[in-house]
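Undergrad: Sharing a sequence plus its predicted fold:
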2 protein chains.
Amino acid sequence: MLSCAGPTRVQSNQFVIYIADMDDHTDQIRKPRADAVRNRERVLEAAKVVFSAGGPEASLEAVAKRAGVGIGTLYRHFPTREDLFEAVYRREVEQLSELAEQLRNAKDPVDALRRWLHSGVEFVATKKGMVAALALAVQSGSELHAFSFERLTKATGSLLARAVAAGEMRADISPEDLLRAFFGMCYIHDQPGWQATALRLLDVFIDGLRVQPATKAKAKAKARVGKPEKPAPKRKR
Amino acid sequence: MLSCAGPTRVQSNQFVIYIADMDDHTDQIRKPRADAVRNRERVLEAAKVVFSAGGPEASLEAVAKRAGVGIGTLYRHFPTREDLFEAVYRREVEQLSELAEQLRNAKDPVDALRRWLHSGVEFVATKKGMVAALALAVQSGSELHAFSFERLTKATGSLLARAVAAGEMRADISPEDLLRAFFGMCYIHDQPGWQATALRLLDVFIDGLRVQPATKAKAKAKARVGKPEKPAPKRKR
DNA sequence: TTGTTAAGCGGAGGGTGCCTCCGTATCTTC
DNA sequence: GAAGATACGGAGGCACCCTCCGCTTAACAA
(Lines give C-alpha, C1' and ligand atoms only; values in the text may rest on other atoms or scores of the structure.)
Protein backbone atom coordinates (compact mmCIF):
# COMPACT_ATOMS: atom_id res chain seq x y z
CA MET A 1 0.00 0.00 0.00
CA LEU A 2 2.87 2.32 0.62
CA SER A 3 5.27 1.49 -2.13
CA CYS A 4 4.92 4.74 -4.03
CA ALA A 5 8.43 4.60 -5.39
CA GLY A 6 8.33 1.24 -7.12
CA PRO A 7 6.85 0.43 -10.49
CA THR A 8 3.10 0.26 -10.63
CA ARG A 9 1.68 -3.16 -11.12
CA VAL A 10 -1.59 -3.63 -12.93
CA GLN A 11 -3.21 -6.97 -12.95
CA SER A 12 -4.95 -7.92 -16.13
CA ASN A 13 -6.78 -11.07 -16.96
CA GLN A 14 -4.03 -13.63 -16.88
CA PHE A 15 -0.98 -11.49 -16.98
CA VAL A 16 0.71 -9.00 -14.84
CA ILE A 17 1.74 -5.86 -16.61
CA TYR A 18 4.50 -3.75 -15.27
CA ILE A 19 4.32 -0.08 -15.86
CA ALA A 20 7.47 1.89 -15.28
CA ASP A 21 7.18 4.93 -13.14
CA MET A 22 8.31 7.72 -15.42
CA ASP A 23 9.37 10.02 -12.64
CA ASP A 24 11.78 7.55 -11.23
CA HIS A 25 15.32 7.44 -12.47
CA THR A 26 16.05 3.94 -11.39
CA ASP A 27 12.92 2.46 -12.85
CA GLN A 28 14.15 -0.97 -13.59
CA ILE A 29 11.38 -3.29 -14.55
CA ARG A 30 12.14 -6.54 -12.89
CA LYS A 31 10.87 -9.79 -14.20
CA PRO A 32 8.44 -11.29 -11.73
CA ARG A 33 10.04 -13.88 -9.60
CA ALA A 34 9.56 -17.39 -10.87
CA ASP A 35 8.57 -18.79 -7.51
CA ALA A 36 5.93 -16.12 -7.08
CA VAL A 37 4.34 -16.94 -10.40
CA ARG A 38 4.44 -20.61 -9.62
CA ASN A 39 2.92 -20.20 -6.21
CA ARG A 40 0.13 -18.03 -7.47
CA GLU A 41 -0.84 -20.68 -9.93
CA ARG A 42 -0.68 -23.36 -7.31
CA VAL A 43 -2.94 -21.47 -4.98
CA LEU A 44 -5.46 -20.93 -7.72
CA GLU A 45 -5.46 -24.59 -8.57
CA ALA A 46 -5.89 -25.58 -4.96
CA ALA A 47 -8.62 -23.03 -4.38
CA LYS A 48 -10.58 -24.38 -7.28
CA VAL A 49 -10.57 -27.82 -5.75
CA VAL A 50 -11.18 -26.76 -2.19
CA PHE A 51 -14.01 -24.39 -2.98
CA SER A 52 -15.68 -26.98 -5.11
CA ALA A 53 -15.59 -29.48 -2.33
CA GLY A 54 -16.08 -27.36 0.74
CA GLY A 55 -18.17 -24.53 -0.55
CA PRO A 56 -17.40 -20.87 -0.43
CA GLU A 57 -16.81 -20.92 3.30
CA ALA A 58 -13.98 -23.36 3.03
CA SER A 59 -10.89 -22.65 5.03
CA LEU A 60 -8.23 -20.60 3.34
CA GLU A 61 -5.67 -22.39 5.38
CA ALA A 62 -6.82 -25.59 3.77
CA VAL A 63 -6.26 -23.99 0.41
CA ALA A 64 -2.77 -22.95 1.38
CA LYS A 65 -1.97 -26.36 2.68
CA ARG A 66 -3.19 -28.05 -0.44
CA ALA A 67 -1.21 -25.64 -2.54
CA GLY A 68 1.85 -26.44 -0.50
CA VAL A 69 2.47 -22.83 0.44
CA GLY A 70 2.33 -20.92 3.67
CA ILE A 71 -0.76 -19.05 4.63
CA GLY A 72 1.18 -15.84 4.34
CA THR A 73 1.87 -16.50 0.71
CA LEU A 74 -1.76 -17.04 0.01
CA TYR A 75 -2.66 -13.77 1.63
CA ARG A 76 0.01 -11.90 -0.22
CA HIS A 77 -1.35 -13.00 -3.56
CA PHE A 78 -4.99 -12.70 -2.62
CA PRO A 79 -5.51 -10.28 0.22
CA THR A 80 -9.17 -11.15 0.60
CA ARG A 81 -11.29 -14.19 0.07
CA GLU A 82 -13.13 -12.27 -2.56
CA ASP A 83 -9.97 -11.69 -4.53
CA LEU A 84 -9.33 -15.37 -4.60
CA PHE A 85 -12.88 -16.12 -5.63
CA GLU A 86 -12.71 -13.71 -8.44
CA ALA A 87 -9.46 -15.07 -9.72
CA VAL A 88 -10.74 -18.60 -9.59
CA TYR A 89 -13.94 -17.90 -11.43
CA ARG A 90 -12.66 -15.27 -13.78
CA ARG A 91 -12.48 -17.63 -16.68
CA GLU A 92 -16.05 -18.71 -16.16
CA VAL A 93 -17.24 -15.16 -16.06
CA GLU A 94 -15.44 -14.46 -19.25
CA GLN A 95 -17.01 -17.41 -20.96
CA LEU A 96 -20.41 -16.18 -19.96
CA SER A 97 -19.57 -12.76 -21.29
CA GLU A 98 -18.48 -14.18 -24.57
CA LEU A 99 -21.65 -16.16 -24.85
CA ALA A 100 -23.56 -12.93 -24.49
CA GLU A 101 -21.45 -11.50 -27.26
CA GLN A 102 -22.43 -14.33 -29.55
CA LEU A 103 -26.07 -14.13 -28.63
CA ARG A 104 -26.20 -10.53 -29.70
CA ASN A 105 -26.60 -11.78 -33.23
CA ALA A 106 -29.56 -13.99 -32.49
CA LYS A 107 -32.80 -13.16 -34.20
CA ASP A 108 -35.10 -12.97 -31.23
CA PRO A 109 -33.60 -10.64 -28.63
CA VAL A 110 -35.85 -11.76 -25.84
CA ASP A 111 -35.05 -15.35 -26.45
CA ALA A 112 -31.39 -14.47 -26.57
CA LEU A 113 -31.61 -12.98 -23.14
CA ARG A 114 -33.50 -15.95 -21.84
CA ARG A 115 -30.98 -18.35 -23.24
CA TRP A 116 -28.17 -16.41 -21.71
CA LEU A 117 -29.73 -16.46 -18.29
CA HIS A 118 -30.40 -20.15 -18.61
CA SER A 119 -26.79 -20.69 -19.46
CA GLY A 120 -25.95 -18.78 -16.35
CA VAL A 121 -27.91 -21.26 -14.31
CA GLU A 122 -26.04 -24.08 -15.93
CA PHE A 123 -22.76 -22.43 -15.13
CA VAL A 124 -23.71 -22.04 -11.57
CA ALA A 125 -24.69 -25.67 -11.46
CA THR A 126 -21.39 -26.82 -12.85
CA LYS A 127 -19.08 -24.56 -10.97
CA LYS A 128 -20.38 -24.95 -7.52
CA GLY A 129 -18.73 -22.03 -5.84
CA MET A 130 -19.55 -19.58 -8.52
CA VAL A 131 -22.80 -18.23 -7.17
CA ALA A 132 -21.12 -17.37 -3.95
CA ALA A 133 -18.29 -15.70 -5.79
CA LEU A 134 -20.55 -13.67 -7.98
CA ALA A 135 -23.01 -12.94 -5.27
CA LEU A 136 -20.17 -11.55 -3.26
CA ALA A 137 -19.16 -9.34 -6.13
CA VAL A 138 -22.73 -8.20 -6.58
CA GLN A 139 -23.39 -7.70 -2.94
CA SER A 140 -20.36 -5.99 -1.62
CA GLY A 141 -20.54 -2.80 -3.54
CA SER A 142 -16.80 -2.51 -3.19
CA GLU A 143 -15.43 -0.99 -6.35
CA LEU A 144 -12.22 -2.88 -6.17
CA HIS A 145 -13.52 -6.37 -6.38
CA ALA A 146 -16.20 -5.75 -8.94
CA PHE A 147 -14.56 -7.16 -12.01
CA SER A 148 -17.09 -9.94 -12.36
CA PHE A 149 -19.98 -7.71 -11.65
CA GLU A 150 -18.91 -5.16 -14.19
CA ARG A 151 -18.24 -7.72 -16.83
CA LEU A 152 -21.55 -9.44 -16.37
CA THR A 153 -23.41 -6.20 -16.14
CA LYS A 154 -22.05 -5.26 -19.47
CA ALA A 155 -23.06 -8.57 -20.96
CA THR A 156 -26.53 -8.36 -19.51
CA GLY A 157 -26.82 -4.79 -20.58
CA SER A 158 -26.06 -5.46 -24.18
CA LEU A 159 -28.67 -8.17 -24.43
CA LEU A 160 -31.22 -6.22 -22.50
CA ALA A 161 -30.67 -3.10 -24.56
CA ARG A 162 -31.31 -4.99 -27.73
CA ALA A 163 -34.59 -6.32 -26.48
CA VAL A 164 -35.61 -2.90 -25.32
CA ALA A 165 -34.60 -1.32 -28.59
CA ALA A 166 -36.69 -3.87 -30.42
CA GLY A 167 -39.64 -2.76 -28.36
CA GLU A 168 -39.95 -6.17 -26.80
CA MET A 169 -39.09 -5.29 -23.26
CA ARG A 170 -39.79 -2.60 -20.79
CA ALA A 171 -37.06 -0.06 -20.38
CA ASP A 172 -37.25 0.62 -16.68
CA ILE A 173 -35.13 -2.27 -15.51
CA SER A 174 -31.40 -1.80 -15.42
CA PRO A 175 -28.87 -4.51 -16.19
CA GLU A 176 -27.84 -4.40 -12.57
CA ASP A 177 -31.38 -5.12 -11.50
CA LEU A 178 -31.66 -7.99 -13.88
CA LEU A 179 -28.40 -9.41 -12.69
CA ARG A 180 -29.48 -9.16 -9.12
CA ALA A 181 -32.70 -10.91 -9.93
CA PHE A 182 -30.72 -13.63 -11.60
CA PHE A 183 -28.54 -14.17 -8.58
CA GLY A 184 -31.56 -14.08 -6.39
CA MET A 185 -33.07 -16.92 -8.36
CA CYS A 186 -29.88 -18.89 -8.06
CA TYR A 187 -29.66 -18.15 -4.39
CA ILE A 188 -31.45 -21.34 -3.59
CA HIS A 189 -28.74 -23.50 -5.10
CA ASP A 190 -27.91 -26.72 -3.26
CA GLN A 191 -31.48 -27.63 -2.78
CA PRO A 192 -32.41 -30.70 -4.76
CA GLY A 193 -33.98 -29.70 -8.01
CA TRP A 194 -33.13 -26.06 -7.58
CA GLN A 195 -32.06 -25.83 -11.17
CA ALA A 196 -35.46 -26.48 -12.61
CA THR A 197 -36.95 -24.05 -10.14
CA ALA A 198 -34.48 -21.36 -11.05
CA LEU A 199 -35.19 -21.77 -14.74
CA ARG A 200 -38.89 -21.59 -14.13
CA LEU A 201 -38.59 -18.49 -12.01
CA LEU A 202 -36.37 -16.83 -14.55
CA ASP A 203 -38.91 -17.50 -17.26
CA VAL A 204 -41.59 -15.90 -15.19
CA PHE A 205 -39.38 -12.93 -14.64
CA ILE A 206 -38.68 -12.56 -18.32
CA ASP A 207 -42.36 -12.69 -19.05
CA GLY A 208 -42.74 -9.89 -16.60
CA LEU A 209 -40.12 -7.90 -18.42
CA ARG A 210 -41.98 -8.22 -21.67
CA VAL A 211 -43.78 -5.21 -22.95
CA GLN A 212 -47.49 -5.83 -22.93
CA PRO A 213 -48.93 -6.13 -26.44
CA ALA A 214 -51.14 -3.10 -25.87
CA THR A 215 -48.22 -0.80 -25.29
CA LYS A 216 -45.82 -2.55 -27.59
CA ALA A 217 -46.06 -0.21 -30.54
CA LYS A 218 -45.61 2.78 -28.33
CA ALA A 219 -42.54 1.35 -26.68
CA LYS A 220 -41.03 0.42 -29.99
CA ALA A 221 -41.42 3.91 -31.35
CA LYS A 222 -39.96 5.31 -28.24
CA ALA A 223 -36.98 2.99 -28.29
CA ARG A 224 -36.15 3.77 -31.85
CA VAL A 225 -35.25 7.30 -30.95
CA GLY A 226 -32.24 6.58 -28.79
CA LYS A 227 -29.25 4.48 -29.60
CA PRO A 228 -29.69 0.78 -28.95
CA GLU A 229 -26.48 0.65 -26.96
CA LYS A 230 -27.69 2.91 -24.27
CA PRO A 231 -28.48 1.22 -20.98
CA ALA A 232 -31.87 1.45 -19.46
CA PRO A 233 -32.75 4.89 -18.19
CA LYS A 234 -32.29 5.57 -14.58
CA ARG A 235 -35.49 5.18 -12.72
CA LYS A 236 -36.43 7.11 -9.70
CA ARG A 237 -38.53 5.88 -6.87
CA MET B 1 -30.93 -36.56 24.03
CA LEU B 2 -30.49 -39.42 26.44
CA SER B 3 -32.97 -38.58 29.15
CA CYS B 4 -35.40 -41.36 28.36
CA ALA B 5 -36.67 -41.55 31.88
CA GLY B 6 -37.78 -37.97 32.37
CA PRO B 7 -40.95 -36.38 31.09
CA THR B 8 -40.97 -35.50 27.42
CA ARG B 9 -40.78 -31.84 26.65
CA VAL B 10 -42.40 -30.44 23.56
CA GLN B 11 -41.74 -26.90 22.66
CA SER B 12 -44.65 -25.08 21.14
CA ASN B 13 -44.86 -21.53 19.94
CA GLN B 14 -44.40 -19.61 23.14
CA PHE B 15 -44.97 -22.24 25.72
CA VAL B 16 -43.37 -25.36 26.88
CA ILE B 17 -45.71 -28.25 27.29
CA TYR B 18 -44.86 -31.04 29.61
CA ILE B 19 -46.09 -34.45 28.76
CA ALA B 20 -45.93 -37.00 31.49
CA ASP B 21 -44.37 -40.29 30.65
CA MET B 22 -47.10 -42.78 31.37
CA ASP B 23 -44.79 -45.69 31.92
CA ASP B 24 -42.97 -43.96 34.67
CA HIS B 25 -44.21 -44.28 38.19
CA THR B 26 -42.62 -41.15 39.44
CA ASP B 27 -43.92 -38.98 36.66
CA GLN B 28 -44.06 -35.74 38.47
CA ILE B 29 -44.53 -32.84 36.16
CA ARG B 30 -42.28 -30.16 37.40
CA LYS B 31 -42.94 -26.55 36.78
CA PRO B 32 -40.17 -25.11 34.64
CA ARG B 33 -37.57 -23.42 36.71
CA ALA B 34 -38.02 -19.73 37.04
CA ASP B 35 -34.42 -18.95 36.23
CA ALA B 36 -34.59 -20.99 33.06
CA VAL B 37 -37.61 -19.10 31.85
CA ARG B 38 -36.00 -15.82 32.74
CA ASN B 39 -32.78 -16.65 31.00
CA ARG B 40 -34.47 -17.80 27.86
CA GLU B 41 -36.26 -14.51 27.63
CA ARG B 42 -33.08 -12.60 28.26
CA VAL B 43 -31.24 -14.40 25.53
CA LEU B 44 -34.01 -13.71 23.07
CA GLU B 45 -33.99 -10.06 23.94
CA ALA B 46 -30.25 -9.84 23.59
CA ALA B 47 -30.25 -11.75 20.34
CA LYS B 48 -32.74 -9.38 18.87
CA VAL B 49 -30.46 -6.46 19.58
CA VAL B 50 -27.23 -8.13 18.59
CA PHE B 51 -28.53 -9.54 15.33
CA SER B 52 -29.99 -6.22 14.40
CA ALA B 53 -26.71 -4.50 14.92
CA GLY B 54 -24.22 -7.08 13.82
CA GLY B 55 -26.12 -8.98 11.21
CA PRO B 56 -26.85 -12.66 11.12
CA GLU B 57 -23.22 -13.60 11.54
CA ALA B 58 -22.94 -11.88 14.86
CA SER B 59 -21.17 -13.71 17.61
CA LEU B 60 -23.29 -15.90 19.82
CA GLU B 61 -20.92 -15.23 22.62
CA ALA B 62 -21.74 -11.58 22.29
CA VAL B 63 -25.39 -12.49 22.63
CA ALA B 64 -24.71 -14.50 25.75
CA LYS B 65 -22.65 -11.73 27.25
CA ARG B 66 -25.31 -9.14 26.57
CA ALA B 67 -27.92 -11.41 28.05
CA GLY B 68 -25.78 -11.82 31.11
CA VAL B 69 -25.70 -15.58 30.87
CA GLY B 70 -23.00 -18.09 30.16
CA ILE B 71 -22.46 -19.36 26.69
CA GLY B 72 -23.49 -22.77 27.85
CA THR B 73 -26.88 -21.49 28.85
CA LEU B 74 -27.42 -19.99 25.47
CA TYR B 75 -26.58 -23.24 23.77
CA ARG B 76 -28.84 -25.20 26.04
CA HIS B 77 -31.82 -23.09 25.12
CA PHE B 78 -30.95 -22.75 21.45
CA PRO B 79 -28.74 -25.57 20.26
CA THR B 80 -28.15 -23.99 16.88
CA ARG B 81 -27.93 -20.52 15.53
CA GLU B 82 -30.92 -21.31 13.43
CA ASP B 83 -33.00 -22.15 16.46
CA LEU B 84 -32.23 -18.80 17.92
CA PHE B 85 -33.05 -17.03 14.68
CA GLU B 86 -36.34 -18.70 14.42
CA ALA B 87 -37.30 -17.89 17.96
CA VAL B 88 -36.33 -14.28 17.52
CA TYR B 89 -38.24 -13.75 14.34
CA ARG B 90 -41.16 -15.98 15.05
CA ARG B 91 -43.39 -13.11 15.99
CA GLU B 92 -42.57 -11.31 12.79
CA VAL B 93 -43.37 -14.35 10.73
CA GLU B 94 -46.66 -14.65 12.47
CA GLN B 95 -47.53 -11.08 11.78
CA LEU B 96 -46.81 -11.57 8.13
CA SER B 97 -48.99 -14.63 8.09
CA GLU B 98 -51.80 -12.76 9.70
CA LEU B 99 -51.51 -10.01 7.17
CA ALA B 100 -51.97 -12.58 4.45
CA GLU B 101 -55.06 -13.77 6.24
CA GLN B 102 -56.50 -10.29 6.15
CA LEU B 103 -55.60 -9.74 2.54
CA ARG B 104 -57.57 -12.76 1.50
CA ASN B 105 -60.64 -10.59 1.62
CA ALA B 106 -59.27 -7.95 -0.71
CA LYS B 107 -61.08 -7.42 -3.97
CA ASP B 108 -58.22 -7.76 -6.39
CA PRO B 109 -56.35 -11.00 -5.67
CA VAL B 110 -53.31 -10.07 -7.69
CA ASP B 111 -52.99 -6.79 -5.94
CA ALA B 112 -53.41 -8.55 -2.63
CA LEU B 113 -50.49 -10.76 -3.41
CA ARG B 114 -48.43 -7.83 -4.51
CA ARG B 115 -49.22 -5.93 -1.38
CA TRP B 116 -48.31 -8.86 0.75
CA LEU B 117 -44.96 -9.27 -0.91
CA HIS B 118 -44.29 -5.58 -0.58
CA SER B 119 -45.06 -5.82 3.09
CA GLY B 120 -42.58 -8.61 3.25
CA VAL B 121 -39.91 -6.32 1.90
CA GLU B 122 -40.79 -3.78 4.51
CA PHE B 123 -40.53 -6.37 7.22
CA VAL B 124 -37.17 -7.40 6.01
CA ALA B 125 -36.09 -3.79 5.98
CA THR B 126 -37.20 -3.20 9.53
CA LYS B 127 -36.02 -6.39 11.08
CA LYS B 128 -32.57 -6.53 9.66
CA GLY B 129 -31.66 -10.07 10.44
CA MET B 130 -34.86 -11.52 9.21
CA VAL B 131 -33.89 -12.32 5.66
CA ALA B 132 -30.99 -14.32 6.86
CA ALA B 133 -33.15 -16.14 9.32
CA LEU B 134 -35.82 -16.96 6.83
CA ALA B 135 -33.42 -17.68 4.06
CA LEU B 136 -31.81 -20.18 6.36
CA ALA B 137 -35.13 -21.81 6.98
CA VAL B 138 -35.85 -21.86 3.29
CA GLN B 139 -32.46 -23.06 2.31
CA SER B 140 -31.62 -25.72 4.77
CA GLY B 141 -34.30 -28.21 4.02
CA SER B 142 -34.04 -29.40 7.58
CA GLU B 143 -37.48 -30.39 8.75
CA LEU B 144 -36.89 -29.26 12.25
CA HIS B 145 -36.27 -25.64 11.61
CA ALA B 146 -38.89 -25.12 8.99
CA PHE B 147 -41.53 -23.50 11.06
CA SER B 148 -41.13 -20.17 9.36
CA PHE B 149 -40.97 -21.66 5.94
CA GLU B 150 -44.10 -23.66 6.44
CA ARG B 151 -46.01 -20.80 7.88
CA LEU B 152 -45.05 -18.44 5.10
CA THR B 153 -45.64 -21.02 2.43
CA LYS B 154 -49.15 -21.40 3.67
CA ALA B 155 -49.70 -17.68 3.62
CA THR B 156 -48.29 -17.33 0.14
CA GLY B 157 -50.24 -20.30 -1.04
CA SER B 158 -53.56 -18.95 0.06
CA LEU B 159 -53.02 -15.67 -1.74
CA LEU B 160 -51.64 -17.31 -4.81
CA ALA B 161 -54.43 -19.82 -5.02
CA ARG B 162 -57.00 -17.08 -5.00
CA ALA B 163 -55.36 -15.30 -7.87
CA VAL B 164 -55.08 -18.50 -9.83
CA ALA B 165 -58.66 -19.42 -9.14
CA ALA B 166 -59.74 -16.04 -10.40
CA GLY B 167 -57.98 -16.78 -13.64
CA GLU B 168 -55.60 -13.91 -13.10
CA MET B 169 -52.41 -15.85 -12.65
CA ARG B 170 -50.71 -18.80 -14.16
CA ALA B 171 -51.02 -21.99 -12.24
CA ASP B 172 -47.64 -23.52 -12.70
CA ILE B 173 -45.82 -21.71 -9.94
CA SER B 174 -45.95 -23.18 -6.49
CA PRO B 175 -46.06 -21.15 -3.31
CA GLU B 176 -42.60 -22.43 -2.51
CA ASP B 177 -41.31 -21.12 -5.78
CA LEU B 178 -42.85 -17.76 -5.19
CA LEU B 179 -41.42 -17.62 -1.73
CA ARG B 180 -38.01 -18.49 -3.01
CA ALA B 181 -38.26 -15.80 -5.62
CA PHE B 182 -39.21 -13.39 -2.90
CA PHE B 183 -36.20 -14.24 -0.82
CA GLY B 184 -34.06 -14.08 -3.87
CA MET B 185 -35.18 -10.54 -4.50
CA CYS B 186 -34.43 -9.63 -0.94
CA TYR B 187 -31.10 -11.33 -1.07
CA ILE B 188 -29.46 -8.09 -2.01
CA HIS B 189 -30.39 -6.43 1.23
CA ASP B 190 -27.82 -4.12 2.81
CA GLN B 191 -27.03 -2.43 -0.42
CA PRO B 192 -28.12 1.17 -0.40
CA GLY B 193 -31.49 1.48 -2.02
CA TRP B 194 -32.02 -2.25 -2.17
CA GLN B 195 -35.56 -1.83 -1.04
CA ALA B 196 -36.68 0.07 -4.10
CA THR B 197 -34.91 -2.46 -6.27
CA ALA B 198 -36.57 -5.36 -4.55
CA LEU B 199 -40.00 -3.84 -4.95
CA ARG B 200 -39.36 -3.17 -8.59
CA LEU B 201 -38.14 -6.67 -9.22
CA LEU B 202 -41.08 -8.13 -7.41
CA ASP B 203 -43.44 -6.12 -9.54
CA VAL B 204 -41.80 -7.43 -12.65
CA PHE B 205 -42.12 -10.91 -11.32
CA ILE B 206 -45.77 -10.46 -10.56
CA ASP B 207 -46.33 -9.15 -14.04
CA GLY B 208 -44.72 -12.30 -15.28
CA LEU B 209 -47.08 -14.35 -13.21
CA ARG B 210 -50.08 -12.61 -14.66
CA VAL B 211 -52.14 -14.20 -17.33
CA GLN B 212 -52.54 -11.57 -20.01
CA PRO B 213 -56.16 -11.16 -21.07
CA ALA B 214 -55.14 -10.46 -24.65
CA THR B 215 -52.83 -13.41 -24.99
CA LYS B 216 -54.32 -15.66 -22.43
CA ALA B 217 -54.28 -18.81 -24.49
CA LYS B 218 -50.79 -18.27 -25.70
CA ALA B 219 -49.52 -17.43 -22.27
CA LYS B 220 -51.05 -20.56 -20.91
CA ALA B 221 -49.36 -22.68 -23.51
CA LYS B 222 -46.14 -20.96 -22.79
CA ALA B 223 -46.44 -21.61 -19.13
CA ARG B 224 -45.38 -25.18 -19.64
CA VAL B 225 -42.23 -25.88 -17.80
CA GLY B 226 -40.06 -27.10 -20.66
CA LYS B 227 -38.85 -25.13 -23.61
CA PRO B 228 -41.73 -23.67 -25.57
CA GLU B 229 -40.38 -24.35 -29.04
CA LYS B 230 -38.72 -27.70 -28.82
CA PRO B 231 -40.27 -31.13 -28.31
CA ALA B 232 -38.78 -31.04 -24.84
CA PRO B 233 -36.23 -33.87 -24.69
CA LYS B 234 -36.86 -34.52 -21.03
CA ARG B 235 -33.81 -33.09 -19.36
CA LYS B 236 -32.84 -34.87 -16.25
CA ARG B 237 -31.41 -33.27 -13.17
C1' DT C 1 -38.48 -25.39 57.30
C1' DT C 2 -35.69 -28.49 55.66
C1' DG C 3 -33.92 -32.16 52.76
C1' DT C 4 -33.73 -34.20 48.28
C1' DT C 5 -32.89 -34.11 43.70
C1' DA C 6 -33.53 -32.96 39.02
C1' DA C 7 -32.80 -29.05 36.25
C1' DG C 8 -30.12 -25.52 35.07
C1' DC C 9 -25.90 -22.69 35.22
C1' DG C 10 -21.42 -21.03 33.66
C1' DG C 11 -17.15 -20.92 31.78
C1' DA C 12 -12.86 -23.40 31.02
C1' DG C 13 -10.93 -25.74 27.37
C1' DG C 14 -9.94 -27.74 22.96
C1' DG C 15 -10.58 -26.92 18.29
C1' DT C 16 -10.70 -24.12 14.02
C1' DG C 17 -10.04 -20.21 11.32
C1' DC C 18 -8.56 -15.35 10.27
C1' DC C 19 -4.97 -12.27 9.39
C1' DT C 20 -0.43 -9.89 10.43
C1' DC C 21 4.27 -9.47 11.04
C1' DC C 22 8.99 -10.17 10.37
C1' DG C 23 13.26 -12.98 10.20
C1' DT C 24 14.90 -15.81 6.58
C1' DA C 25 15.43 -17.66 1.95
C1' DT C 26 15.57 -17.11 -2.88
C1' DC C 27 15.59 -14.90 -7.15
C1' DT C 28 17.05 -11.24 -10.51
C1' DT C 29 20.24 -8.18 -12.00
C1' DC C 30 24.66 -6.27 -12.55
C1' DG D 1 29.48 -13.79 -7.27
C1' DA D 2 27.52 -9.98 -4.68
C1' DA D 3 23.86 -6.93 -3.63
C1' DG D 4 19.47 -5.82 -3.13
C1' DA D 5 14.76 -6.55 -4.13
C1' DT D 6 11.18 -9.69 -3.53
C1' DA D 7 8.78 -13.43 -1.76
C1' DC D 8 8.30 -17.12 1.62
C1' DG D 9 6.38 -19.32 5.72
C1' DG D 10 4.57 -20.02 9.91
C1' DA D 11 4.34 -18.44 14.66
C1' DG D 12 1.35 -15.77 17.27
C1' DG D 13 -2.57 -13.10 18.74
C1' DC D 14 -7.28 -12.86 18.36
C1' DA D 15 -12.12 -14.27 17.81
C1' DC D 16 -15.42 -17.60 17.62
C1' DC D 17 -17.54 -22.27 17.94
C1' DC D 18 -19.28 -25.82 20.74
C1' DT D 19 -18.92 -29.40 24.51
C1' DC D 20 -18.46 -31.04 28.90
C1' DC D 21 -18.94 -31.35 33.71
C1' DG D 22 -18.64 -29.80 38.57
C1' DC D 23 -21.37 -26.62 41.09
C1' DT D 24 -25.72 -24.09 42.17
C1' DT D 25 -30.46 -23.47 42.70
C1' DA D 26 -35.27 -23.90 42.32
C1' DA D 27 -39.28 -27.02 42.94
C1' DC D 28 -41.37 -30.26 45.56
C1' DA D 29 -42.50 -33.32 49.52
C1' DA D 30 -42.70 -34.14 54.17
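TA: Looks like it arrived, so ask away.
Undergrad: For the longest helix seen in chain A, give the mean pLDDT please.
TA: In chain A, with assignment by DSSP state H, the single longest helix is helix A:81-103. Helix A:81-103 comes out with an average pLDDT of 93.
Undergrad: just checking, next helix/strand downstream of that helix?
TA: Per DSSP states H and E, the first helix or strand lying C-terminal to helix A:81-103 is helix A:109-126.
Undergrad: and A:R33, what are its phi and psi?
TA: Reported as degrees, to the nearest 10, the phi and psi values for A:R33 are phi -70, psi 140.
Undergrad: re earlier: near chain B, anything from the longest helix of chain A?
TA: No: Helix A:81-103 stays clear of chain B (Cβ under 8 Å from any Cβ of the partner chain), getting no nearer than 13.7 Å. Heads up, the C-betas are built off the backbone N, CA and C, glycines and all.
Undergrad: what distance separates that helix from the centre of its chain?
TA: 5 Å (Cα atoms, centre = their mean, to the nearest Å).
Undergrad: Is it positioned near DNA strand C?
TA: Yes: residues of helix A:81-103 contacting DNA strand C under Cβ under 7 Å from any atom of the strand: A:R81.
Undergrad: what angle separates that helix from helix A:109-126?
TA: Here helix A:81-103 runs at an angle of 140 degrees relative to helix A:109-126 (axes from the mean of the first three to the mean of the last three Cα atoms, to 10 degrees).
Undergrad: by contact count, what packs against helix A:81-103?
TA: If you count contacts as 3 or more Cβ pairs under 8 Å, 6 or more residues apart in numbering or on different chains; DSSP states H and E, helix A:81-103 packs onto helix A:34-54, helix A:60-67, helix A:109-126, helix A:130-139, helix A:147-165.
Undergrad: which residues sit against that helix?
TA: Here helix A:81-103 makes contact (Cβ atoms under 8 Å, 6 or more residues apart in numbering or on different chains) with A:13, A:43-44, A:47-48, A:51, A:56, A:60, A:63, A:74, A:78, A:112-113, A:115-116, A:119-120, A:123, A:127, A:129-130, A:132-134, A:136-137, A:140, A:142, A:145, A:147-148, A:151-152, A:154-156, A:158-159.
Undergrad: how about the spatially most central residue of chain A, what does it touch?
TA: In chain A, the residue lying closest to the centroid (Cα atoms, centre = their mean) is A:S148, at 2.7 Å. Applying Cβ under 8 Å, 6+ apart, we find A:S148 in contact with A:86, A:89-90, A:93, A:133-134, A:137.
Undergrad: before we move on, back to that, export the helices and strands packed on helix A:81-103 as TSV, with columns for distance to DNA strand C and mean pLDDT.
TA: Output for these, formatted as TSV (distance: least, Cβ to the nearest atom of the strand, whole Å; pLDDT from 0 to 100):
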stretch	distance to DNA strand C	mean pLDDT
helix A:34-54	4	96
helix A:60-67	4	98
helix A:109-126	22	94
helix A:130-139	13	71
helix A:147-165	19	93
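Undergrad: which one of those helices lies closest to A:D203?
TA: helix A:109-126 (7.0 Å; Cβ to Cβ).
Undergrad: Buried residues, the closest one. List them.
TA: Taking 16 or more other Cβ atoms under 10 Å in any protein chain shown as the neighbour-count basis, helix A:109-126 is seen to contain the buried residues A:109-118, A:120-121, A:123-125.
Undergrad: How about the secondary structure of A:R200?
TA: helix (DSSP: H, G, I helix; E, B strand; the rest coil).
Undergrad: That one - how many residues pack around it?
TA: 18 (other Cβ atoms under 10 Å in any protein chain shown).
Undergrad: can you list the residues of chain A near DNA strand D?
TA: Looking at DNA strand D, the residues of chain A close enough under Cβ under 7 Å from any atom of the strand are A:6-7, A:30, A:32-33, A:35-36, A:39-40, A:68-73, A:75-77.
Undergrad: Just give me the neighbour total for A:A53.
TA: 11.
Undergrad: ok, how many other residues are close to the nearest residue to A:F147 once chain neighbours are set aside?
TA: Once flanking residues are discounted, A:F147 sits nearest to A:E86: 5.7 Å by Cβ to Cβ, 6 or more residues apart in numbering or on different chains. Residues lying near A:E86 (other Cβ under 10 Å) number 22.
Undergrad: Okay, A:E86 and DNA strand D: tell me how far apart.
TA: According to Cβ to the nearest atom of the strand, to the nearest Å, A:E86 stands 19 Å off from DNA strand D.
Undergrad: Can you tell me how far that residue is from A:R66?
TA: From A:E86 across to A:R66, the span is 19 Å (Cβ to Cβ, to the nearest Å).
Undergrad: ok, the residue nearest to the centre of chain A to A:L134 distance?
TA: Taken as Cβ to Cβ, the span from A:S148 to A:L134 is 6 Å.
Undergrad: Buried ones among the contacts of A:S148?
TA: A:86, A:89-90, A:93, A:133-134, A:137.
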